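Novice: Pasting the sequence and the predicted model now:
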Amino acid sequence: MGTTPSAPTLQDQCVKRGQSIQFSWRANTGVYAKWMKDGKTLVNGGRISIYQSEDYMDFTLTIRDAKNEDEGKYTLELWNSKDRASGSATIKVLEYDVDWRTVNWKGNENIKKALRELHPSNPNVKHLRFLLHGPVGAGKSSVINSINCAFQGRINVNALVATTAGKSYTKVYKTHPIKDKDGKELPFVFNDIMGQENEESAGASTADIISALNGHIREGYTFNPVSALSESDKYYNISPSLNDKIHCLVSVIPADKISLLDDTSGVIVKMRDVREAANDLEILQVVFMTHVDKCCPLVKEDLKHIYSSKKIKQAMEHCSIKLGVPMNCIFPVKNYSEENRVNEEIDCLILDGLNQIVDFANYYLGSI
């Protein structure tokens, strides 16, 4: 042990829960060694296995069945009569030890049955009306298509979507019914609008969205980013009925972009202004957080990781802070995009969110 030891080079790791964590290093000379986590010495036992070769040159640390508690900074410290050396790396566990929100992955048919049999809580209302709003490219139109796919049991495009996120594809105010596989319309509809953009004179105007909340916009109105609908326009509904008004505001936000949206960005400011108007009208507000598969590789691999993924929860927390929406009103979903067949897990998330916003809207109707 007469040569100065070289500093170990350890690699940072991101692991799934339940995976094994392993660090290995071969020293350039015989040395004594110890492994530490966050400054505390580790010892053999339980899930931890420490190996040292007989020639005092090979060192391995293995931790079985990774858990949240294993996150931290790991250090291999080496020494002999000549000198000391050390190297460190960080472990991140991508998932929580248990799912923090539960989903019945086998409950699709029960939810669809209940929604088919739904009756609006106010007899003057034919169907619950939801308004989708959010930035360009968030997937508002795809939400409508995905809900229709879930009920019809096949891939079906009713609301046209853009293939790029540069400009909004939706130009005209239109009501989109949700239809069952036999073509029967269900008792709830969605209104899609032009996407919101950072620039003041681009995308759907805040004034138009607020008019839509109040039921003032007639079917077929073409959005004009620089000039909001006026009361003298033929598409202005001066005396909207409760059936024309919005019963729940659904903000659509991409999970992979929310952390990049600054609190003072035009889109966030506009969405907050719309939320304040909805608050004044006592309209309940929720968020459908899309693109979850682009946000987290674990979720892309298997949607059932949705409520164990730390990245998804962090995205939801960012969304909650930026928009002021409680966490229990944020629903992560994946829209149909590349698929050519329906998928039970995709349906499950979209139906779970739909089921809850229908409850919210029906509660709102019953309270007015």
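Specialist: That came through, no problem. Numbers count the residues shown, from 1 in each chain.

Novice: Count the neighbours of the residue nearest to Trp100 when sequence neighbours are not counted for me.
Specialist: Nearest in space to Trp100, with sequence neighbours left out and distances taken as Cβ to Cβ, 6 or more residues apart in numbering, is Tyr307 at 5.7 Å. Heads up, the C-betas are built off the backbone N, CA and C, glycines and all. The burial count assigned to Tyr307 is 19, neighbours taken as other Cβ atoms under 10 Å.

Novice: mind checking how far Tyr307 is from Asp352?
Specialist: Tyr307 sits at a distance of 11 Å from Asp352 (criterion: Cβ to Cβ, to the nearest Å).

Novice: Find the residues that touch each one of those two.
Specialist: Both Tyr307 and Asp352 are in contact with Val103, where contact means Cβ atoms under 8 Å, 6 or more residues apart in numbering.

Novice: Okay, and the residue nearest to Trp100 sits in which element?
Specialist: Assigned by DSSP states H and E, Tyr307 belongs to neither a helix nor a strand.

Novice: my guess is it meets Thr102, correct?
Specialist: Yes: with contact defined as Cβ atoms under 8 Å, Tyr307 counts as touching Thr102 (7.3 Å).

Novice: For the stretch 101-250 of the chain, which segments count as strands?
Specialist: Listed in chain order, the strands found in the stretch 101-250 of the chain under DSSP state E, counting those that start in this stretch are 128-133, 174-179, 185-192, 248-254.

Novice: Is it possible to get JSON lines of the ones you listed that adds mean pLDDT, mean neighbour count and distance to Lys16?
Specialist: Putting the strands of the stretch 101-250 of the chain into JSON lines (pLDDT from 0 to 100; neighbours: other Cβ atoms under 10 Å; distance: least, Cβ to Cβ, whole Å) gives the following:
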{"stretch": "strand 128-133", "mean pLDDT": "95", "mean neighbour count": "25", "distance to Lys16": "34"}
{"stretch": "strand 174-179", "mean pLDDT": "93", "mean neighbour count": "16", "distance to Lys16": "36"}
{"stretch": "strand 185-192", "mean pLDDT": "94", "mean neighbour count": "20", "distance to Lys16": "36"}
{"stretch": "strand 248-254", "mean pLDDT": "95", "mean neighbour count": "25", "distance to Lys16": "24"}
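
Novice: any idea which helix is longest in the protein?
Specialist: Among the segments of the chain that qualify as a helix by DSSP state H, the longest is helix 344-366.

Novice: Next, the angle from that helix to strand 174-179.
Specialist: Relative orientation of helix 344-366 versus strand 174-179 (axes from the mean of the first three to the mean of the last three Cα atoms, to 10 degrees): 110 degrees.

Novice: residue contacts, the closest residue in space to Ser24 that isn't next to it in sequence?
Specialist: If the residues on either side of it in the chain are set aside, Ser24 comes closest to Thr60, at 4.6 Å by Cβ to Cβ, 6+ apart. Thr60 makes contact with Gln22, Phe23, Ser24, Trp25, Ser49, Ile50, Tyr51 under the criterion Cβ under 8 Å, 6+ apart.

Novice: Tell me which of the residues you listed fall in strands.
Specialist: With strands taken from DSSP state E, the overlap with the contacts of Thr60 comprises Gln22, Phe23, Ser24, Trp25, Ser49, Ile50, Tyr51.

Novice: List the beta-bridge partners for the residue nearest to the first one when sequence neighbours are not counted.
Specialist: Read that as Gln22. Sequence neighbours aside, Thr62 is the residue nearest to Gln22 in space, at 4.8 Å (criterion: Cβ to Cβ, 6+ apart). With DSSP bridges applied, Thr62 shows beta-bridge pairing to Gln22, Ser49.

Novice: Which secondary structure element of this structure has the lowest mean pLDDT?
Specialist: Considering only helices and strands, the least confidently modelled element of the chain by mean pLDDT, DSSP states H and E is helix 266-280, at a mean of 89.

Novice: Could you spell out the sheet neighbours of the helix or strand just after that one, each with its direction?
Specialist: Using DSSP H and E, the next helix or strand after helix 266-280 towards the C-terminus is strand 284-290. For strand 284-290, the paired strands and their directions (DSSP bridges) are strand 248-254 (parallel), strand 330-332 (parallel).
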